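> Turn this into a model:
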Amino acid sequence: MSAQARSLLNAARPSLRRSAFASARFSSTSSKPTSLKERLAELIPKEIENVKAVRAAHGKKAFGPVLVDQLYGGMRGLPALIWDGSVLDAEEGIRFRGKTIPECQALLPKAPGGTEPLPEALFWLLLTGEVPTPEQVAELSRDWAARAALPEFVEEILDRCPPTLHPMSQFSLAVTALNHNSAFAKAYQDGISKKEYWGPTFEDSMDLIAKLPNIAGRIYRNVFGKGKLPAIDASKDYSWNLANLLGFSESEGFVELLRLYITIHSDHEGGNVSAHTGKLVGSALSDPFLAYGAALNGLAGPLHGLANQEVLIWLRKMQSTIGEDATDEAVREYVWSTLKGGQVVPGYGHAVLRKTDPRYTAQREFALKHLPDNKLFKLVGQIYNIVPDVLLEAGKAKNPWPNVDAHSGVLLTHYGMDQMQFYTVLFGVSRAFGVAAQLIWDRALGAPLERPKSYSTVAIDKMFKDKA
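Sure, this is the predicted structure:
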């Protein structure tokens, strides 16, 4: 973050402290409505006033110049979006409503006997800025379970897909088809007031998140021949039901992994492809199903959600080449051979981060607890001690440290989910939490249609041709 941006942030903090989010702590500390929608209805008017205050105080201030290189470089680092759920700092990593991953792991309610935060609690935090009570989380679990059933025609769409169709294509098809029953689309057609847009958007978002486990489970079982889909258990949490639909609920370790996985993959501020796509399409007042269907198509790209597959392929190729118990020197030579072959080391480097991704660290700590003797995990740890120095020596990365993708595939493989084509579907289930939360707030705050200005190369050349 630039010094100018930090200065603006510090200047805004007094008004931000008056925000419902900044002043919120534990939702159990005062008499508040128990349902998520009721609590959100209380917060929206306060946040509308807070946004007005921030814009009045700072709306005419600039973050800094826009460089032509930023336009050609994919808008890298260009401040252009409001995203409330999380902020990514280059040095400390992601914060969800101001809370780090370790803080979320400590504060958010957990399942009975569990140690990882429940994704239901994380969604509550993303929407309200508050840590919910266990009772509120349990009610949210029941609500999602009650909404989880898929329309019969969506089930038929998935069942008719050939197993050769990529799981992410099937996922996008099913999510888009849910638009058939969109509460927002119906309310808009009926002439709902703009001030009320957030209500049906909330209902669609809740339905979207609730139905994702059934979609993911049906795809997994159809593609990989895992048999009939079991029913949702309303007495269990979201992650347990997802694990059960996938056929892994008997492994408590896998259930705990899903709780951690969904939480840490849920949101990563608004500039990544899937998040930005969901926000952009939603700005056209496309309902959450259409918006998130588009986001999934971005997530399916090899530069976004497919990265953990590439890591796992690289690790297995390394093992087959130098053996499972290779020396540090053998690993170092293999890394160098990868770079000299014109390839990147998958799982290392990040567009924003300049230190080890806290999501990597959370997964490493999980592995140390649950699978310390796993051969692939040991190799991942070995690589962690070797690759950064090699990348720095080679001058290949501004950030030579591992990101989230360097670890996740190893954990899933350990518990028997070795179908790499499916990994991005799990990422898609997770990322819906952050995108849906932002869509709700965008409609509540009256966010406009996104319409940035574009220039041609000829126009850029002409603009600066006679300037020093």
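> neighbours of residue 100, just the number please.
Applying other C-beta atoms under 10 Å, we find 16 residues neighbouring residue 100. Where C-beta positions appear, they are placed from N, C-alpha and C, glycine not excepted.
> In the protein, where is pLDDT below threshold?
Applying pLDDT under 70 to the chain flags the ranges 1-33, 351, 353, 396-397, 468.
> Which helix runs longest in the chain?
Ranked by residue count and defined by DSSP state H, the top helix of the chain is helix 198-224.
> just checking, next helix/strand downstream of it?
Counting by DSSP states H and E, the next helix or strand C-terminal to helix 198-224 is helix 238-246.
> contact partners of that following helix?
111, 118-120, 141, 144-145, 148, 212-214, 216-218, 220-221, 226, 229-230, 232-233, 236, 249, 251, 254-255, 258-259, 262, 417, 429 (C-beta atoms under 8 Å, 6 or more residues apart in numbering).
> and if we set it to 7 Å?
Applying C-beta atoms under 7 Å, 6 or more residues apart in numbering, the set of residues contacting helix 238-246 from outside is 119-120, 141, 144-145, 213-214, 216-217, 220, 229-230, 232-233, 249, 254-255, 258-259, 262, 429.
> Kindly report the same for stretch 102-110.
Stretch 102-110 is contacted by residues 96, 99, 116-118, 121-122, 125, 131-132, 134, 137, 263 when judged by C-beta under 7 Å, 6+ apart.
> Output those residues as CSV; include the columns neighbour count.
Listed next are the contacts of stretch 102-110 as CSV, based on neighbours: other C-beta atoms under 10 Å:
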residue, neighbour count
96, 25
99, 19
116, 23
117, 25
118, 26
121, 25
122, 29
125, 30
131, 25
132, 27
134, 15
137, 26
263, 28
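> could I get those as JSON lines with secondary structure and distance to residue 77?
Converted to JSON lines, the contacts of stretch 102-110 look like this (DSSP: H, G, I helix; E, B strand; the rest coil; distance: C-beta to C-beta, whole Å):
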{"residue": "96", "secondary structure": "strand", "distance to residue 77": "22"}
{"residue": "99", "secondary structure": "strand", "distance to residue 77": "24"}
{"residue": "116", "secondary structure": "coil", "distance to residue 77": "32"}
{"residue": "117", "secondary structure": "strand", "distance to residue 77": "30"}
{"residue": "118", "secondary structure": "coil", "distance to residue 77": "34"}
{"residue": "121", "secondary structure": "helix", "distance to residue 77": "32"}
{"residue": "122", "secondary structure": "helix", "distance to residue 77": "27"}
{"residue": "125", "secondary structure": "helix", "distance to residue 77": "27"}
{"residue": "131", "secondary structure": "strand", "distance to residue 77": "32"}
{"residue": "132", "secondary structure": "coil", "distance to residue 77": "34"}
{"residue": "134", "secondary structure": "helix", "distance to residue 77": "40"}
{"residue": "137", "secondary structure": "helix", "distance to residue 77": "36"}
{"residue": "263", "secondary structure": "helix", "distance to residue 77": "27"}
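> Now compare those and name the two farthest from each other.
Spanning the widest gap among these are 96 and 134, at 18.6 Å by C-beta to C-beta.
> ok so, going back, which ChimeraX command selects the buried ones in the contacts of helix 238-246?
Of the contacts of helix 238-246, the buried ones can be selected in ChimeraX as follows, counting by 16 or more other C-beta atoms under 10 Å:
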select :119,120,141,144,145,213,214,216,217,220,229,232,249,254,255,258,259,262,429
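> I'd like to check the angle between the longest helix of the chain and helix 238-246, please.
Here helix 198-224 runs at an angle of 30 degrees relative to helix 238-246 (axes from the mean of the first three to the mean of the last three C-alpha atoms, to 10 degrees).
> From the chain's centre, how far out is helix 198-224? Work that out for me.
15 Å (C-alpha atoms, centre = their mean, to the nearest Å).
> what helices or strands is that helix leaning on?
If contacts are counted by 3 or more C-beta pairs under 7 Å, 6 or more residues apart in numbering; DSSP states H and E, helix 198-224 sits against helix 36-58, helix 134-147, helix 152-160, helix 167-177, helix 183-189, helix 238-246, helix 288-299, helix 423-444.
> Nearest to residue 454, out of those?
Set against residue 454 and scored by C-beta to C-beta, these come closest in helix 288-299, at 18.7 Å.
> For residue 325, find the nearest of the helices and strands packed on helix 198-224.
For the helices and strands packed on helix 198-224, the distance to residue 325 is smallest for helix 423-444, at 26.1 Å, taking C-beta to C-beta.
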